[in-house]
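1. Provided below are the primary sequence and the corresponding predicted coordinates.
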Amino acid sequence: MQNNQGTHPVDLPATDNMKPVSKIPFDKNRKLMCFSCHMPHNAANESSSDGNDGKILRVTNMNSILCKECHEEKYADGIKQAESKGMHPIMLVPKDTVLEEAVKKGGQVGKDGVLVCSSCHNIHKGTKGTPVLIETNQNSEICNLCHKSKLIKEEDNTVTAMKHPVGQKPVNAKISKEIFDAGGKLGENGEIICALCHKPHQSVKDTQLLIMENQKNSMCLKCHSDKLTVKSSDHNLAITNPFASNLRGENVTKGGLCSACHFSHQWARSLDRSGDLIQQFCLSCHAEGKPGEKKLIGGYTHPTNVTLKNIGDGKTSLPLYPELGLKKEAAEKKVFCNTCHNVHKWSPDKEDMEEEHTQNVEGDFNNSFLKLKNDNKSSLCLDCHKDKKLVVNTEHDLNITAPLAVNIISQTAGSAGVCSACHLPHNGTNRRMWARQLSGKEDAGSQFCKKKK
């Protein structure tokens, strides 16, 4: 119950969940009163480690015993009971959180430093307009007191690149009405906050305090429905590698469509958290011995983490990103794997996307998760390399002069674009990403010009 006074309400009818017991009396109208908790004479004498000594309490509140008398449905003794009740756990020493900040705000800890009700709630000095919380939670403030590792915002690049954003307004995601109907909340200015997905009390049982079931990522897809296109693509590992597992040892049959790559608060692949995280992520599958080992990029591949400073006019309709491939503003943006590829969408062609794939499909230069069709004029390549457009319709355009000629992977210019006669974006034969095998006996230029096929 929200309380504008910042103190535990009295003179209110007890709810059905509040069971009167001999130690905690209500008045004749079954309303809560000060004497329900306090007794000016003969109060409990036990020493309380959670800051309730000398409060003339009817029952000691050591480790939230007094709170439990009325709020047993919210009392969760340890992880196992918490999961079964759908409650935030108490009566344990947190392993991955720090309570010092909560204590500074007026929160308390129980015997031996365990988490208790009063770690988050302060019965007579709570924040106004909250259920007597020690801090407002409009923008995840109270969650952030302990769970800082899960709440780092996008400005802190290195870590946030692996976490669901918090504290910013949705950009591509569309918050479903079902999320709000289940109790999800946005921040005071429409930002994503913890309470959009989580509830500390009365959450769905046997979940991570979620507002609704997330079986096979069903909750994730309520907001990220635009990513459902991955289901009919080779990035659905149920199609291409159903036994591949993520960091938790789960395959997509168990963890769901998204679980091959994502967890809520970290990516599901092993990364070293430095350098080009986007390429690291792609190569966590597209490498020898990994789930995507049938599609490797080779030693000579299109460079990433580079600007367009010396390429064409330096402009492109494709997205460029700041360091680490994040979608934030920066003075200098660069090319990353996701400049050309949309990992959730097999083809930029709507009709192609409407065709449902149930088995592995061999792609070409018009799909293969590309953001633009590359067609026989290499439209994708030339979107950045505008200064190379002059080759189109010349004698070096093999669509005109040698339409049956193939490169080292048996592609014609008609099937893979005018650029493919000489270059490959992946698996080239040297740093120029040549599409022909050279011997090394002459300079590369001379060899290339004289190479026959």
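-> It's in. Numbers count the residues shown, from 1 in each chain.
2. center of the chain, which residue is that?
-> His164 (3.2 Å; CA atoms, centre = their mean).
3. ok, that one - contacts?
-> Contacts here follow CB atoms under 8 Å, 6 or more residues apart in numbering; on that basis His164 touches 192, 264-265. Any C-beta I mention is one placed from the backbone N, CA and C, and that applies to glycine too.
4. Outline the domain layout of this protein.
-> The chain breaks down by automatic domain parsing into domains covering 34-136, 150-223, 225-373, 374-453.
5. quick one: contacts for Ile24?
-> If a contact means CB under 8 Å, 6+ apart, then Ile24 has 36-37, 58-59, 66, 69-70 as its contacts.
6. Looking at those residues, state which has the most neighbours.
-> The member of the contacts of Ile24 surrounded by the most neighbours (other CB atoms under 10 Å) is Leu66, with 25 neighbours in all.
7. Got phi/psi on it?
-> Dihedral angles phi and psi of Leu66 (degrees, to the nearest 10) take the values phi -70, psi -40.
8. Quick check: it vs Leu92, distance?
-> 19 Å (CB to CB, to the nearest Å).
9. about what we covered before: what is the most widely separated pair among the contacts of Ile24?
-> Taking CB to CB as the measure, the contacts of Ile24 reach their widest spread between Arg58 and Cys70, a distance of 11.5 Å.
10. what is in contact with the two at once?
-> Taking CB under 8 Å, 6+ apart as the contact rule, the neighbours common to Arg58 and Cys70 are 24, 36.
11. For the nearest residue to Asn241 once chain neighbours are set aside, give me its contacts.
-> Nearest residue to Asn241, sequence neighbours excluded (CB to CB, 6 or more residues apart in numbering): Pro291, at 4.4 Å. Counting by CB under 8 Å, 6+ apart, Pro291 touches 237, 240-241, 244, 260, 285.
12. do that again at 10 Å, thanks
-> Applying CB atoms under 10 Å, 6 or more residues apart in numbering, we find Pro291 in contact with 237, 240-246, 251, 260, 269, 284-285.
13. With Val406 instead?
-> Residues in contact with Val406 (CB under 10 Å, 6+ apart) are 398, 412-413, 415-416, 420-421, 435, 453.
14. how close does it get to Ser415?
-> Taken as CB to CB, the span from Val406 to Ser415 is 9 Å.
15. What are the buried residues along stretch 162-177?
-> With burial defined by 16 or more other CB atoms under 10 Å, the residues of stretch 162-177 counted as buried are 162-167, 173, 176.
16. Then stretch 28-45?
-> Under the neighbour-count criterion of 16+ other CB under 10 Å, stretch 28-45 has 32, 36-37, 39, 44 buried.
17. Looking at these, which is nearest Val204?
-> Using CB to CB, Leu32 is the member of those that sits closest to Val204, with 28.8 Å.
18. what residues are up against the closest residue to the closest one other than its chain neighbours?
-> The shortest distance from Leu32 to any residue other than its chain neighbours is 5.1 Å, reached at Val10 (CB to CB, 6+ apart). Each residue near Val10 by CB under 10 Å, 6+ apart is listed here: 27, 31-37.
19. What separation do you get for Val10 and Leu221?
-> Between Val10 and Leu221 the computed distance is 44 Å (CB to CB).
20. which residues in the stretch 201-350 of the chain form helices?
-> With DSSP state H, counting those that start in this stretch as the definition, the stretch 201-350 of the chain shows helices at residue ranges 220-223, 237-240, 252-255, 277-283, 337-340, 350-354.
21. what about Ser347, how many neighbours?
-> As a burial measure, Ser347 scores 24 neighbours (other CB under 10 Å).
22. show me the contacts for it.
-> With contact set as CB under 10 Å, 6+ apart, Ser347 has these partners: 229, 232-233, 353-355, 361, 363-364, 366-371, 373.
23. Dump the buried residues of stretch 162-177 into CSV; add pLDDT as well.
-> CSV is the format used below for the buried residues of stretch 162-177 (pLDDT from 0 to 100):
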residue, pLDDT
Met162, 73
Lys163, 79
His164, 86
Pro165, 83
Val166, 86
Gly167, 85
Ala173, 90
Ser176, 95
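24. Return the helix or strand in the chain with minimum mean pLDDT.
-> Of all the helices and strands that make up the chain, helix 157-160 has the lowest average by mean pLDDT, DSSP states H and E, namely a mean of 50.
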